[in-house]
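In: Dropping the sequence and predicted coords here.
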Amino acid sequence: MTFESCQITINNSRKQTVWGGKSLLATLHEQKIFIPTACGGRAVCGLCKVKVLKGGGPLTSSEKPLLTQQEQANGFRLACQVKVQGDLEIEIPDDLFRIRRYRARCSKIEDLTYDMKRFTFELENPKTIDFTAGQYIQLRCPPYNGIREGVTRSYSIASNPQENHRIDLIIRRMPHGICTTWCFEHLKVKDAVYFTGPYGDFYLRPADAPKIFVAGGSGIAPFVSILWQMKNNADKRKAVFFFGCNWVEDLCLLDEMKRFEQELADFRFVPVVASPSPESGWKGQTGLVTEAVQRSFQTLRGWEGYLCGGPGMIEAAVQVLAELGIPQENIYYDKFA
Amino acid sequence: MGPRMKRSPSEIKLEQMLRSSKLVAGGFMGNDPRTPEEIIRDDAAALQRLGRTAAEIAQRMRTLTNTARAALGNWVEAEGKYCLRSEEWKGMLICPWPHPGQFEKRLTACRRLDTGEEIVWSDLNIHLIEAHGFFEGMGSPFRLEPETLVRILF
């Protein structure tokens, strides 16, 4: 193991002098270059891919299953598995230089449903964040209650990009989930939190095409931000948002969606409740959200699709939108993965 | 329980991983004092008594999960005897064994219509049972008793 000074050349221009001995992922984090990771460096999530042009040693057996043949041929590696033991030349997307580590303070926690909350964080250092509506952050969950290691989890930003001194997150509780349990049971107003971001390429494309949004559960989060952005830009493009849930009790943000309907030039919110009880008095759309989309349109030719939710919902919605005439390349999604 | 066999470094390392909260809150072992090898051995013996294999159980769980998935997070009746629901969250669940293995963060609830008995499993549970014969330790929130699984799934 080398603990000597090494040089990492990034994108053939930026040179970082670092101490060797750690993984490339950890070394870049120390240099405030935040390559995304979901598994904390165990070579299982495959998010920390970087192109290594020189150095880094041979590809390890743990990397191979997570890199396509093409990626391997092009020199891609998992940053968590590359040991910095000498000089390196790497290429990373320029967007990653925009990613910062933030300290923020929780200023508000709201119940949206019985299992979903909205958390507001005021930024302290840095004091502002520039993000594109639809992007996500990685929240650091500290050790708590016998959980000795901190973890990071990804959450879409659900706030107005113009109000860049704070972010909102909409989080749905996962039974026994490390981070959601911490958020729901331990995180209090005034507590400090840390996160990195913004990440992701789920954002509204500039084409004039009308947009259909489809989401379920906490998948509503990026669309709140996107609708704020449309409002900020006085966006006149047509947009329809189908939001699916199980029961009436799962519905949330109805007042905010109503306001967006009033304030945007051509926006319609369509809540879809799969199994409303007779007592609920629900008079809106029922069944699966994908069925509601099918019922509502004979064709979506010329539209763009934007989806956020679990893999099952995404797969079903992609199929429905494709059947209604939206080509795959015009369907964008933030799969919960 | 007989005398413990000498354990390999990899077995010890695996147990440390299973008892830690690195991958899931509270780990996979609950408050079970047995080693993972002992848990797997005991559950394999239980399966033998029940006349089922881990592969058969995993296959049933996967079939029911796929049925539930089609309802996009909503409850759905299946096979005339189950009420099923699959819910998904952002992120992946990672297998604690030292091999690449990540699974969508999905929980499937399976309720018998005749008895009302309900169990919940993750896609990772299916993998742990199928690939490692591991039903998790006693006291783990996602421990699945072989007897319960066989009673509900078949």
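Out: Cool, got the structure.
In: Dihedrals phi and psi, whatever residue of chain A ends up closest to chain B?
Out: With CB to the nearest CB, the shortest gap between chain A and chain B falls at residue A:310, namely 2.6 Å. C-beta: built from backbone N, CA, C; applies to glycine. In terms of degrees, to the nearest 10, the main-chain angles of residue A:310 are phi -70, psi 160.
In: Distance-wise, check the residue nearest to it when sequence neighbours are not counted relative to residue A:96.
Out: Counting by CB to CB, 6 or more residues apart in numbering or on different chains, residue B:88 is the residue found nearest to residue A:310 once chain neighbours are left out, at 2.6 Å. Look at residue B:88 and residue A:96: by CB to CB, to the nearest Å, they are 27 Å apart.
In: what residues are up against the residue positioned nearest the centre of chain B?
Out: Nearest to the geometric centre of chain B sits residue B:125, at 3.1 Å (CA atoms, centre = their mean). Residues counted as contacts of residue B:125 (CB atoms under 8 Å, 6 or more residues apart in numbering or on different chains) are B:61, B:136, B:142, B:144.
In: Tell me which of residue B:88 and residue A:96 has more neighbours.
Out: Higher neighbour count among residue B:88 and residue A:96: residue B:88, with 28 against 16, using other CB atoms under 10 Å in any protein chain shown.
In: For the strand or helix carrying the more buried one, which strands pair with it and how are they oriented?
Out: Per DSSP states H and E, residue B:88 falls inside strand B:82-94. According to DSSP bridges, strand B:82-94 has the following sheet partners: strand B:76-78 (antiparallel), strand B:102-112 (antiparallel).
In: for those, which one sits closest to residue A:265?
Out: strand B:102-112 (37.2 Å; CB to CB).
In: Burial check on the nearest residue to residue A:182 once chain neighbours are set aside, number of neighbours?
Out: Spatially, and ignoring its direct neighbours in sequence, residue A:182 is nearest to residue A:141 (4.8 Å; CB to CB, 6+ apart). By the criterion of other CB under 10 Å, residue A:141 has 23 neighbours.
In: Residue A:141: what's it in contact with?
Out: Residue A:141 makes contacts with A:150-153, A:178-179, A:182-183, as judged by CB under 8 Å, 6+ apart.
In: May I have the beta-bridge partners of the closest residue to chain A within chain B?
Out: When scored by CB to the nearest CB, chain B has residue B:88 as its residue closest to chain A, at 2.6 Å. Following DSSP bridges, residue B:88 is listed with bridge partners residue B:106.
In: and the gap between it and residue A:192?
Out: Using CB to CB, residue B:88 is found at 30 Å from residue A:192.
In: Kindly report the same for residue A:308.
Out: From residue A:308 to residue A:192 the distance is 28 Å (CB to CB).
In: same check, this time on residue A:176
Out: Counting by CB to CB, the gap from residue A:176 to residue A:192 is 25 Å.
In: Have a look at these two and say which one is more surrounded.
Out: More crowded of residue A:176 and residue A:192, by other CB under 10 Å: residue A:176, with 16 against 11.
In: which residues does residue A:139 contact?
Out: Contacts of residue A:139 were listed using CB under 8 Å, 6+ apart, and they are A:152-155, A:169, A:179, A:193-195.
In: ok, stretch A:259-272 near chain B or not?
Out: No - between stretch A:259-272 and chain B, judged by CB under 8 Å from any CB of the partner chain, nothing touches; the nearest distance is 10.1 Å.
In: Give me the buried positions along that stretch.
Out: The neighbour-count check on stretch A:259-272 (16 or more other CB atoms under 10 Å in any protein chain shown) flags A:260, A:264, A:267, A:269-272 as buried.
In: May I ask which two of those are separated the most?
Out: A:264 and A:272 (19.9 Å).
In: Where does pLDDT dip in the chain?
Out: Looking at chain A here, since you left the chain open. A:1-3, A:335-337 (pLDDT under 70).
In: wait, I meant chain B there
Out: B:1-4.
In: Contact residues of it facing chain A?
Out: B:20-22, B:24-26, B:69-75, B:86-92, B:94-95, B:100-102, B:104-107, B:120, B:141-142.
In: Quick one, which of the residues you listed are buried?
Out: B:20-22, B:24-26, B:69, B:71-75, B:86-92, B:94-95, B:100-102, B:104-107, B:120, B:142.
In: and residue A:155, bridged to which residues?
Out: Beta-bridge partners of residue A:155, counted by DSSP bridges, are residue A:137.
In: contacting residues around it?
Out: A:136-137, A:139, A:169-171, A:221, B:90.
In: let's see it at 10 Å
Out: A:119, A:136-139, A:167-172, A:179-180, A:183, A:195, A:197, A:218, A:221-222, B:90-91 (CB atoms under 10 Å, 6 or more residues apart in numbering or on different chains).
In: State the distance from it to residue A:95.
Out: Distance check for residue A:155 against residue A:95: by CB to CB, it reads 18 Å.
In: the strands in the stretch 1-150 of chain A, which residues?
Out: For the stretch 1-150 of chain A, the strands defined by DSSP state E, counting those that start in this stretch occupy A:5-10, A:14-19, A:49-54, A:76-78, A:88-91, A:100-113, A:116-125, A:136-141.
In: orientation of the longest one relative to strand A:116-125 in degrees?
Out: The directions of strand A:100-113 and strand A:116-125 differ by 150 degrees, with axes from the mean of the first three to the mean of the last three CA atoms, to 10 degrees as the criterion.
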